[in-house]
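Enquirer: Got a sequence here, can you model it:
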Amino acid sequence: MRDFYLCHNPFGKMPPGRVAYIYHPDNPRVFVSVIEIDYSRRLTDFNFKGCNVMFQYHRADGKRQLFLMIVMQGGARNTASTLALLKDAAGWYCTCLNKEDFITYGKNGGWSLMHPYNKDKTPNLDVLHIQATDQYLISYGNGTFCVDGIDSLYTTIDFLYKDVDDIIHNNDDTQEEGAINFA
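Expert: Numbers count the residues shown, from 1 in each chain. Here you go, the predicted structure:
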């Protein structure tokens, strides 16, 4: 397992939504921010630029927590290696959460990455539908967008991925299936 360090300042207060900062000292050296996604409220200011990964943690008490981990500084020029590192960091962070859960509930929770939208045609694309507000959080590997409604979702995917007709529409102009995660 790679080395990660949880950065904590007992005198400071994190910005709203931020729950942790993680540092990885080896190549690729990164400093990442972990943001908890509150899926009961409207998301604001959720457009970020930079390598990122979305994941979920199921606490031992049954509560589901959603997170966005985003590189704040550093990373490799090769996006794939930085994304692989972020996935490892997400697993490591959930191991830390498991330690807290075991102390509190006597058992561990579980975690997983979000299901990819369409792994073959839209690499690194994850979509999370926030049902309470009908918003879609789109993670495409090098950034995130938050959009309102299904039409905006498909317009954004059109913008991000060039082969629009192959990704979104069949010849009869209906929407092609993709895995959308729900909250």
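Enquirer: all contacts plus neighbour counts: C-alpha atoms, from now on.
Expert: Will do.
Enquirer: Enumerate the positions of stretch 61-70 that are buried.
Expert: Neighbour-count burial for stretch 61-70, with 16 or more other CA atoms under 10 Å as criterion, is recorded at 65-70.
Enquirer: my guess is Asn108 contacts Tyr57, does it?
Expert: No - when contacts are counted by CA atoms under 8 Å, Asn108 is not listed as touching Tyr57 (10.6 Å).
Enquirer: Comparing these two, which residue is more hemmed in?
Expert: Neighbour tally, Asn108 and Tyr57, criterion other CA atoms under 10 Å: the higher count belongs to Tyr57, 22 against 19.
Enquirer: following the longest helix seen in the chain, which helix or strand comes up?
Expert: Among the elements of the chain assigned as helix by DSSP state H, the one spanning the most residues is helix 79-105. Toward the C-terminus, helix 79-105 is succeeded by strand 110-113 as the next helix or strand (DSSP states H and E).
Enquirer: what does that next one rub up against?
Expert: Strand 110-113 has contacts (CA atoms under 8 Å, 6 or more residues apart in numbering) with 53-60, 87, 91, 94, 98.
Enquirer: Taking the residues you listed, tell me the two that lie furthest apart.
Expert: Among the contacts of strand 110-113, the pair separated by the greatest distance (CA to CA) is Val53 and Ala60, at 22.6 Å.
Enquirer: which one of those two has more residues nearby?
Expert: Val53 (29 against 19).
Enquirer: any idea how far Ser33 is from Tyr161?
Expert: 26 Å (CA to CA, to the nearest Å).
Enquirer: ok, now Ile35?
Expert: Ile35 is 26 Å from Tyr161, by CA to CA.
Enquirer: Between the two, point out the one with more neighbours.
Expert: Ile35 (20 against 16).
Enquirer: Which residue, other than its chain neighbours, is closest to the more buried one?
Expert: Using CA to CA, 6 or more residues apart in numbering and skipping the chain neighbours, the partner closest in space to Ile35 is Arg18 (4.4 Å).
Enquirer: what does His58 give?
Expert: In space, His58 is closest to Arg64, 4.5 Å off (CA to CA, 6+ apart).
Enquirer: ok, that neighbour - contacts?
Expert: Applying CA under 8 Å, 6+ apart, the residues near Arg64 are 56-58.
Enquirer: and Gly178, which of the three is it?
Expert: coil (DSSP: H, G, I helix; E, B strand; the rest coil).
Enquirer: shouldn't it be in contact with Tyr117?
Expert: Yes - with contact defined as CA under 8 Å, Gly178 reaches Tyr117; the gap is 4.9 Å.
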